[in-house]
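# Turn this into a model:
(chains A and B)
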There are 2 protein chains.
Amino acid sequence: MKNKPSSAVILLSGGQDSTTCLAWAMQKFDEIFALTIHYGQLHKIELESAKKIARLNKIPLKIYKTDLFKEFTKNALLNKEIAIKIPKNKLPSTFVPGRNLIFLSIAAIYAKQLDTTNIITGVCQTDYSGYPDCRDNFIKSLEKTLSLAMETKFKIHTPLMWLTKAETVKLMQQLGKIGLLKHTHTCYKGKRPACGKCPACLLRLKGFKEAGIKDSLPYK
Amino acid sequence: MKNKPSSAVILLSGGQDSTTCLAWAMQKFDEIFALTIHYGQLHKIELESAKKIARLNKIPLKIYKTDLFKEFTKNALLNKEIAIKIPKNKLPSTFVPGRNLIFLSIAAIYAKQLDTTNIITGVCQTDYSGYPDCRDNFIKSLEKTLSLAMETKFKIHTPLMWLTKAETVKLMQQLGKIGLLKHTHTCYKGKRPACGKCPACLLRLKGFKEAGIKDSLPYK
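Numbers count the residues shown, from 1 in each chain, chains lettered A, B, ... in the order given. As a prediction, the model looks like this:
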């Protein structure tokens, strides 16, 4: 009798990190369920990227739409009138309070429904951009909380947690999927070609440069 | 200069426990913001109870509607075709996976917006009915997780955690608000007069009986 295939739910945003995690997951799990949260982000291009990446890899994708963050938070990712600022010693204006908390909680509820306990997310402490919900201590604490909430031993996999952006780029190359990154979206301005100047674009470009690999994403 | 008033967000379901917590909170905090989550519960009477209780106590109430649990879970509180069963050593069919996790996470995001760190919920381990997300270890773990998620020291207040239902009834009497309980909703059947026979009604009636206080809620 064949063993039950190993399975996982992956949070797929359509960005570089979650797409790299997907490539990682495809080597590790037999069955993968992608979940994209449409939370009112200003740029629909993110959703289109997630759909395209899922389709190209034949991964079933569920898109769940919520107005929670529009209803309860104000930040530069959801409100056009707020400028993108990344001050020192303060939370960036692009921080969406509770975002990874809610996204991973939904992923766990979805995993429970699918009868799997593996959850994958592309959070990273090394280049964490000042978001507290990307840190390892948050993820570890949440993993315990989710398990207690549903009496289910969840495992949150964070393959990028301790990698630099350059190492993430190299990982994708090792996984043989570097070409997939041309379909990902990173730019805070929501543009394609990407602006190449916002903090998100700069972080991405720096990573490719340090890895010595050319980014196939078109830039202005 | 007057100190800033102390404030809190309370999860108000319109049931006996959260209403007792509201009476408790009104003695403890200067400013209270009630939050009711409309998550597709079969019985609209719960929402009506929450509205009435907030109105009677002049507490601002926010109702937030989400289809998350309809989308990702199946259980007797959301699906008519599922019977109410409370087996031994297994999760009850009324368990909504992730409910308190999501409710308290939303409450924390709302609290962050309101610039308060106090969150109140009526969960109770003593009579916890087999729901893992009513236990103290879950609440403690979540409190830490929420704080890490938003770099904010949240405090989850659970005044009923270690009380029996009888003690909860007595607490409400001591707080001088026992009459308020006639507006609360408990019955799993969503009926008014209450059925008096479902597990929720039986637990409530037992509490009043043991406290030696008459329940002013009409029963069939």
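
# Quick one: residues in contact with the longest strand along chain A.
Here the longest strand in chain A is taken by residue count, with DSSP state E as the criterion, and it is strand A:31-38. With contact meaning Cβ atoms under 8 Å, 6 or more residues apart in numbering or on different chains, strand A:31-38 is reached by A:5-14, A:22, A:25-26, A:47, A:50-51, A:54, A:59-66, A:102-103, A:106-107, A:110, A:114, A:116. (Each C-beta comes from the backbone N, C-alpha and C, glycine too.)

# restrict those to those near chain B?
A:64, A:66, A:102, A:106, A:110 (Cβ under 8 Å from any Cβ of the partner chain).

# Tell me which strands the longest strand of chain A pairs with, and in which orientation.
Within its sheet, and counting by DSSP bridges, strand A:31-38 is paired with strand A:7-11 (parallel), strand A:61-65 (parallel).

# need the residues of chain A near chain B, please.
On the criterion Cβ under 8 Å from any Cβ, chain B has as its neighbours in chain A the residues A:64, A:66, A:68-69, A:71-74, A:91, A:97-98, A:100-102, A:105-106, A:108-110, A:112-113, A:132-133, A:135, A:137-138, A:141-142, A:144-146, A:148-151.

# returning to what we had before: among the contacts of strand A:31-38, which ones are buried?
For these, a burial check counting by 16 or more other Cβ atoms under 10 Å in any protein chain shown picks out A:7-14, A:22, A:25-26, A:47, A:50-51, A:54, A:59, A:61-62, A:64, A:66, A:102-103, A:106-107, A:110, A:116.

# Run the chain-centre distance for the helix or strand harbouring residue A:103.
When secondary structure is defined using DSSP states H and E, the element that contains residue A:103 is helix A:99-114. In terms of Cα atoms, centre = their mean, to the nearest Å, the centre of helix A:99-114 is set 13 Å apart from its chain centre.

# what does stretch A:60-77 give?
14 Å.

# pLDDT weak spots in chain A?
Low-confidence regions of chain A, defined here as pLDDT under 70, cover residues A:1-4, A:42, A:128.

# Just give me the residue right at the centre of it.
When chain A is reduced to its mean C-alpha position, the nearest residue by Cα atoms, centre = their mean turns out to be residue A:18, at 3.9 Å.

# List the contacts of residue A:177.
A:20, A:23.

# Quick check: it vs residue B:155, distance?
As for residue A:177, its distance to residue B:155 is 45 Å (criterion: Cβ to Cβ, to the nearest Å).

# swap in residue A:102?
Here residue A:102 is placed at a distance of 20 Å from residue B:155 (Cβ to Cβ).

# Kindly report the same for residue A:29.
Applying Cβ to Cβ, one obtains 39 Å for the distance of residue A:29 from residue B:155.
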